[in-house]
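J.: dropping the sequence and predicted coords here.
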Amino acid sequence: ANGDILKFAGDAILTLWQCEESEFPATIDRVVTAAINIQCKMDNYMTEVGVNLRVKIGIAVGCVIFYHIANDNERHFGEAGQTIEEVNIAQSSASSGTVVISPKAWDLLEQKLFSYNILENGYVEINRRSSLSKTLQTFMETRDPTKTEIFNNTPEPECLRLTQLSKVSEKDETIYRMYTNQNVISKLDACAELRWLSEIRTVTVMFLEVHLSDYNPENHIDILNTIQLAFTIIYDQMTRMLGTINKLYMFDKGCTFLIIFGMPGKKHEDEPTRALKAADNIMKDFHTKNLEASIGITTGRAFCGIIGHPQRHEYGVIGKSVNLAARLMSNYPKRIACDDTTRTLSNLDPQDFLKLSYIKMKGVPSNNVHYEYKIDRRKDRLFSTFIPPQQIEDDGGKIIGRVEEMKIFEQELTRLIEQPKEDPPVSGSDTVKSIVMKIESATGMGKTRLLQEMKNVAEKKKVRVIFAAAGAVEHATPHFAIKALLVQMFRLMECCSATDRADVIIKFVEEDMIKEIYLLNELLKIHVGYVKRAREKDKKKKLTNMICYLFEKAAKEQHTMIILDDAQWIDKDSWIMLHEIIKRCRALIVCSTRPFPAAHPPMEEAKRILNGPFTKEIHLSSLKPDDMVMLACQLIKVTRLPIQLINILRTRSHGVPLYAEQLVSTMLQFKVLQVHTEKQRHDMNRTGPLVTGPLVTDTIQEESLQDPLAGNDHHMVMRLCKTPSFKRKVIKQHSRQSTCPPV
């Protein structure tokens, strides 16, 4: 029909037919015919994964204004005008399986050729054409769109659009790159095939609609200025929080930005936190510019990759979490609405989440709970927004493949317990009392899991364990890590008020130190009076002495172990304070960190501890192939795996625990794996061969992993199903350094 796909918008497509005004009638006839044929061919289309697709189509005719929103690094194009407004109304008026056109388009159409129904708003529902073109009908009957292979089809040269045949100058290429996702650019520069861009990954999705007050589709200049201003504010926040603006469009949801946290090259563990913080900052900045917005945020697994046809495709993100974010934005206007997963994973103050009233939304279960994120800045809060985890989650399983690392830890723990508390264990450039360990590895190697096992061992030996995890969002907040340690040591999160927190500290310190508690007022949000105001320099020194005193006293009362996870995010003031604690306090301090890139080495204050002569370093290496099999069994709680999966884990997982976790979770999600009891396995063997590996305990020493279902009469085994669609799934590592080969 000589049309072109202008933009993909989630589960919607915006198409365009360019023509002169004199050609409107003939073009509209061609467009309506194409729409009816699309409905005949694609409505109620059953996909290979068992999802039934419905189609509704809206059509409008008129002039379209194209605009470009840009800065020095990034550009986006959008569309506006009365025609865009009308096509929005048309598709909103359509129901599944129907085609609706605007009144203007209907007036230009040869109406007698179609059966139709005029709607209350004046738009017209087209039911069918009286007679189809024989040539077009034959074409539609013989062509099967499901046979099209997106990445293997090579279009005939005569079918290519003019833009695909034209040569691109170096200057034009520089401009085009600014319109293209950076992840795509990096792959193109590396001459990689586009299909390697496609993957299932966990992302946090933000849909943001900019409200255009007194919106007039013909008022192009004001609209453009407003959107440019909004883009500038949003882009600044995305730069700070490492989000990616994936799309900008005025289609279906008005002026909408689709923003993704967790794209390749920008993956972090705290995407929900970053998204919510960015949303709050955007709302604040919008308020200063008299702008309003609605924001929906969700977290979940989504398809990220190439969407479309060989001649027209984009890098997009689709999935249930994307759809839900759009619906939250639409149904809860002028708020920051999020799902429960985002709220839980963010570690932000629970007081800032208000449960939203139930609104029925398409495709959303009625038992889903959604929240509004709204910071009450009047509250006397212990943490401004981000609340660091108060404990390491225990999965209950025995650690696999870290025997040597645990031996080193237990030796250091024994030194802490057996040596006199006043004797310094090591002497270097500084005399220190604490024992310091550094655990270093790339993302996904199991640092946090190792810390969890260390914590369990220490607690069994009656050692007090204080845990804190630093966060990227708060890495510039002074004393944030130290504050997190103090909050957990005194269980201050359980206190209801500043007075309660002050009482806890007063009861702990000795009488001659009570007069110094005022130094903790700002840090721990307590209100304790003092006689005279100290000078700033003296106050910093006194604060250091006070905090060191608290840790010293705690360590003298009970052997103490301090765990700092994600130490690469610890702030400068906390490193300085930690160095003083190490010199004065008898404790075992364990820090986990990622390797620092050469371009961003650790600050000098961190080097003194992490690279100090008194620090015991542990570098986590890859797990052995058999350990990866054992880990997969533990993750799924089974005793046997299919031999095919065992071979994949041994040969392609590279000993990275995160790879195994991603692989088995994705295979379970797509029902490539099924869990059966041993009895069911034997029953299936009677009707056909079921190839599984031996019992895990037969291939690996039993002390490495106890039976995950000990005490259960029915051992669980896994079956690998033949699912063609899985062959196209790619499992990739969520870090910048490396990716897992395709499965």
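T.: Thanks, I have the structure now.

J.: centroid-nearest residue for the chain?
T.: Nearest residue to the geometric centre of the chain (Cα atoms, centre = their mean): Val203, 2.8 Å.

J.: show me the strands in the stretch 251-400 of the chain, by range?
T.: In the stretch 251-400 of the chain, the segments counted as strands under DSSP state E, counting those that start in this stretch are 255-261, 292-309, 312-318, 336-339, 353-355, 370-373.

J.: deepest of the ones you listed, which one?
T.: Among those, judged by mean count of other Cβ atoms under 10 Å, the one packed with the most neighbours on average is strand 336-339 (a mean of 27). Where you see a C-beta, it was placed from the backbone N, CA and C, and this is true even at glycine.

J.: could you tell me the least trusted of the strands of the stretch 251-400 of the chain?
T.: Out of the strands of the stretch 251-400 of the chain, strand 312-318 stands lowest, with a mean of 86 (criterion: mean pLDDT).

J.: strand partners (parallel or antiparallel) of that one?
T.: Sheet pairing here is set by DSSP bridges, and for strand 312-318 it gives strand 292-309 (antiparallel).

J.: what's the angle from the partner strand to strand 255-261?
T.: 70 degrees (axes from the mean of the first three to the mean of the last three Cα atoms, to 10 degrees).

J.: got any ranges where the chain has weak pLDDT?
T.: 1, 10, 128-166, 214-219, 251-254, 377-396, 420-430, 530-537, 678-743 (pLDDT under 70).

J.: quick one on the thing from earlier: is it true that the residue nearest to the centre of the chain touches Met263?
T.: Yes: the criterion here is Cβ atoms under 8 Å, and Val203 meets it with Met263 at 7.0 Å.

J.: give me the common contacts of the two.
T.: Counting by Cβ atoms under 8 Å, 6 or more residues apart in numbering, the shared contacts of Val203 and Met263 are Cys304.

J.: compare the strands of the stretch 251-400 of the chain and give me the one nearest Asn52.
T.: Of all those, strand 312-318 sits nearest to Asn52, with 16.6 Å by Cβ to Cβ.

J.: now the closest one: how far from the chain's centre is it?
T.: Centroid separation for strand 312-318 versus its chain: 18 Å, with Cα atoms, centre = their mean, to the nearest Å.

J.: please save the CA atoms from that strand in CSV.
T.: Output of strand 312-318 as CSV, limited to C-alpha atoms (Å, rounded to 0.1, in the frame of the first residue of the first chain):
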residue,chain,number,x,y,z
ARG,A,312,12.0,-1.1,9.1
HIS,A,313,13.0,-2.0,12.6
GLU,A,314,13.9,-0.3,15.9
TYR,A,315,15.6,-1.1,19.2
GLY,A,316,12.7,-1.5,21.6
VAL,A,317,11.6,-2.8,25.0
ILE,A,318,8.4,-4.8,25.3
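
J.: need the nearest residue in space to Glu474, chain neighbours excluded.
T.: Of all residues beyond its chain neighbours, the one nearest Glu474 is Phe480 (4.6 Å), with distances taken as Cβ to Cβ, 6 or more residues apart in numbering.

J.: burial count for the one you found?
T.: 24 (other Cβ atoms under 10 Å).

J.: so how far is Ile576 from it?
T.: For Phe480, the distance to Ile576 equals 13 Å [Cβ to Cβ, to the nearest Å].

J.: okay, helices next: where are they in the stretch 351-500 of the chain?
T.: Under the criterion DSSP state H, counting those that start in this stretch, the stretch 351-500 of the chain contains helices at 403-418, 447-460, 480-489, 498-508.

J.: please name whichever of those is nearest to Asp285.
T.: Using Cβ to Cβ, the helices of the stretch 351-500 of the chain put helix 480-489 closest to Asp285, at 23.6 Å.

J.: quick revisit: distance to Leu348 added to the helices of the stretch 351-500 of the chain, as JSON lines?
T.: Output for the helices of the stretch 351-500 of the chain, formatted as JSON lines (distance: least, Cβ to Cβ, whole Å):
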{"stretch": "helix 403-418", "distance to Leu348": "32"}
{"stretch": "helix 447-460", "distance to Leu348": "20"}
{"stretch": "helix 480-489", "distance to Leu348": "14"}
{"stretch": "helix 498-508", "distance to Leu348": "20"}
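
J.: which one of these is the most hemmed in?
T.: Counting by mean count of other Cβ under 10 Å, the most buried of those turns out to be helix 480-489, with a mean of 23.
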